[in-house]
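In: Sequence isn't available, so here's the structure alone:
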C-alpha cells in the first residue's frame, strides 16, 4: 500500500489557514484536521478562533471543540487522535487536510512521532506549577535548558504546561523529551505530505491582520469567555492561551480594556513571530505570501496548482 496523501496548511496566526484549508477540501474532496492546540477545547469558540459553520462551508472539521477545557491534553494525545482521523478520512477515499499553527502538533503528526509510555507524577507537576507562579516560567525554562536544550529551544518559554511536561518526562524516566522524539522517528512516516505555508512579505500587514482579528474577538465576547477560562483550575491548559490570561489584571481592576487589548495584540504578534521561525525550518514548505496576490481566489489557484503537482490519485 502506498503512502497516504496529506495536504497541510501551516503558518502564523491570522493568515487565513482555515479559509485555504476549506477551499482545498472543496476542490479536492477533503476533510480538515485541525492542528491548533487551543481549538480543541469545547465552549471557547472566540478566543481559540474556532471556525464557524459558515466558514466551514459544509466541509467536515475534526479535533475542534471536543475537549473539556479543564482536562489536560498532550502532544501524544493529539498525534494519536489525528492519526486516527487521517486514516478514517482516507478510508472514505477523501483527502486529509491538516491545518493549524501549532508547529509541534503538525511536525509530530506528519513525522510519525510515536510517544513511548512515560511516567507521570502529579505531585511533581504541582510543585513545578507552584514554582512557575512564584518565580515565573523562566525558572522552568532554565532547568529544561540544563539537561535538554533542544526541547528548551523548541518549546515556547511562556508555555508553562509544556515546560512542566518536558521536565516531568526527564525526571520520571531519565530520558529527555528530545531523545524520546528521536527514537520515535526511526519508522518512516506513512504520509506523502504537501505543505503549504501562508505568510505576509510585509510584516506590518501581518501585524495589522492580527490586530483586526483581536478587535473582532473583543466584539464577539472575548472578555466573557476569558472570565470563564480564568475560573478553571490552574492546571488547565486552556488558561495558558493568549487572549485569556491577559484579562486577569482587567478583572482585578488593575488595567482598563484598552490596555488589555493592546497586551493581547502584542503577545499575539510575538507568537506569530515564533510560529514563523518554527515553520521556516521546514525545507519542504511551499510558501505563499498573502500580500503577493490581488485576491483570495488568485491565492487559491496557486495553492491548487501546488497540490496538483503532487500527481496524487485522489
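Out: Arrived safely. Here the structure is a predicted model, which is why all the values come from computation and not from measurement. Residues are numbered from 1 along each chain as shown.

In: so where's the chain shaky on pLDDT?
Out: Residue ranges of the chain with pLDDT under 70: 1, 116-119, 184-186, 235.

In: 80 instead, please
Out: Along the chain, segments meeting pLDDT under 80 span 1, 114-120, 180-187, 234-235, 314.

In: if I look at residue 68, how far off is residue 49?
Out: 19 Å (Cβ to Cβ, to the nearest Å). No exception for glycine: its C-beta is placed from N, CA and C like everyone else's.

In: hang on, I meant residue 153
Out: With distances taken as Cβ to Cβ, residue 153 is found 27 Å from residue 49.

In: And for residue 189?
Out: As judged by Cβ to Cβ, residue 189 and residue 49 stand 28 Å apart.

In: Have a look at those two and say which one is more surrounded.
Out: More crowded of residue 189 and residue 49, by other Cβ atoms under 10 Å: residue 49, with 21 against 15.

In: List the residues that contact that one.
Out: The contact partners of residue 49, by Cβ atoms under 8 Å, 6 or more residues apart in numbering, come to 13, 18, 36, 39, 213, 217.

In: My reading is that it lies in a strand. Confirm?
Out: No. Under the criterion used here (DSSP: H, G, I helix; E, B strand; the rest coil), residue 49 is coil, not part of a strand.

In: thought residue 16 was touching residue 198?
Out: Yes. Using Cβ atoms under 8 Å, residue 16 makes contact with residue 198 at a distance of 6.0 Å.

In: which neighbours do the two share?
Out: Here residue 16 and residue 198 have residue 290 as joint contacts, going by Cβ under 8 Å, 6+ apart.

In: More neighbours: which of the two?
Out: Neighbour count, other Cβ under 10 Å: between residue 16 and residue 198, residue 198 has more, with 26 against 17.

In: Give me the phi and psi for that one.
Out: phi -110, psi 130 (degrees, to the nearest 10).

In: Could you do residue 5 as well?
Out: phi -70, psi 130.

In: do you know how far it is from residue 197?
Out: 18 Å.

In: Equivalent analysis for residue 40, please.
Out: With Cβ to Cβ as the criterion, residue 40 and residue 197 are 22 Å apart.

In: out of those two, which sits in the more crowded spot?
Out: residue 40 (27 against 21).

In: State the number of residues packed around the nearest residue to the more buried one once chain neighbours are set aside.
Out: Excluding the flanking residues, the one nearest residue 40 by Cβ to Cβ, 6 or more residues apart in numbering is residue 67, at 4.6 Å. Neighbours of residue 67 under the rule other Cβ under 10 Å: 21.

In: so residue 67 makes contact with residue 73?
Out: Yes. Using Cβ under 8 Å, residue 67 is in contact with residue 73, at 5.6 Å.
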